[in-house]
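Peer 1: Predicted model, plus sequence, below.
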Amino acid sequence: MERKVVIKWLKIFSISFLILSLVGLVDLILFSTIINVTLDTQQFIILTIIFQSGFMSPHAALLWIILLSVFSGFIVFSYSIFKVANKNTIESEILAKFLLLIGLFLIIGGFITMNFIVLLGNSNINTGGYNETFQNAIFSPSITPLFGAIMWFYFTVVVSCFLTSGLIFGGIGLKWMLLIQEEESDSKPS
């Protein structure tokens, strides 16, 4: 594999990963603060439902904070990838291992993030007169506007992109490591 090509694509990936993570973080904040939900003829913003109203269990607030932290962690991770790719002094073998580690981190981080999204979506909202899961309330047009459902759906799309990228980067890193080892074994005298 051509090292310069890998570094070029690593820079492109880190920038796009940074943009996706930033948009995900902004989406989570805006989703929580501007989307109005109508429950029992009263309108609430999502942040109020999660943190203040007592409609949801305390673990929903914890899941929201963890999602906020995860997207912030993805921003830091993408910036770190860009800094490493910018150095341009890394040997091919170390770069191949780095690609494999990026892939593993994205796969593990993506699955953990998806679990938190599903757990938050399956949390119950109970107002006394209304009892439904958070995700069903978000996707119900009579409760939440369409834009809120699209914003909620964005989290799943971003995490799916991270999981797919993790598989690609892990595969490229592993393949490159095997090619390097094969070249080293062929160059040794028998």
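Peer 2: Perfect, I can see it now. Residues are numbered from 1 along each chain as shown.
Peer 1: which stretches of the protein aren't confidently modelled?
Peer 2: Across the chain, the ranges flagged by pLDDT under 70 are 1, 53, 189-190.
Peer 1: what about 80?
Peer 2: Within the chain, the ranges that satisfy pLDDT under 80 run 1-3, 52-54, 88-90, 127-130, 187-190.
Peer 1: Which parts of the protein are helices?
Peer 2: Per DSSP state H, the chain carries helices over the ranges 3-34, 46-47, 58-87, 92-121, 134-139, 146-187.
Peer 1: do you know how far the residue nearest in space to the middle of the chain is from Glu184?
Peer 2: Nearest to the geometric centre of the chain sits Val159, at 4.1 Å (C-alpha atoms, centre = their mean). Separation of Val159 from Glu184 (C-beta to C-beta, to the nearest Å) stands at 37 Å. Every C-beta, even on glycine, is put in place using the N, C-alpha and C of the backbone.
Peer 1: so what's Leu25 closest to, chain neighbours aside?
Peer 2: Spatial nearest neighbour of Leu25, chain neighbours left out: Phe71 (4.2 Å); criterion: C-beta to C-beta, 6 or more residues apart in numbering.
Peer 1: shouldn't the one you found be in contact with Gly24?
Peer 2: Yes: the pair Phe71 / Gly24 is scored as a contact, 4.8 Å apart, by C-beta atoms under 8 Å.
Peer 1: Ile112 - nearest residue in space that isn't next to it in sequence?
Peer 2: Closest to Ile112 by C-beta to C-beta, 6+ apart is Val70, at 7.3 Å.
Peer 1: show me what contacts that neighbour?
Peer 2: Going by C-beta atoms under 8 Å, 6 or more residues apart in numbering, Val70 touches 109, 112-113, 116.
Peer 1: same check, this time on Gln135
Peer 2: Gln135 sits next to 121-122, 152 when contact means C-beta under 8 Å, 6+ apart.
Peer 1: Any chance of JSON lines for those residues, columns neighbour count and distance to Thr144?
Peer 2: Listed next are those as JSON lines, based on neighbours: other C-beta atoms under 10 Å; distance: C-beta to C-beta, whole Å:
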{"residue": "Gly121", "neighbour count": "18", "distance to Thr144": "13"}
{"residue": "Asn122", "neighbour count": "13", "distance to Thr144": "16"}
{"residue": "Trp152", "neighbour count": "22", "distance to Thr144": "8"}
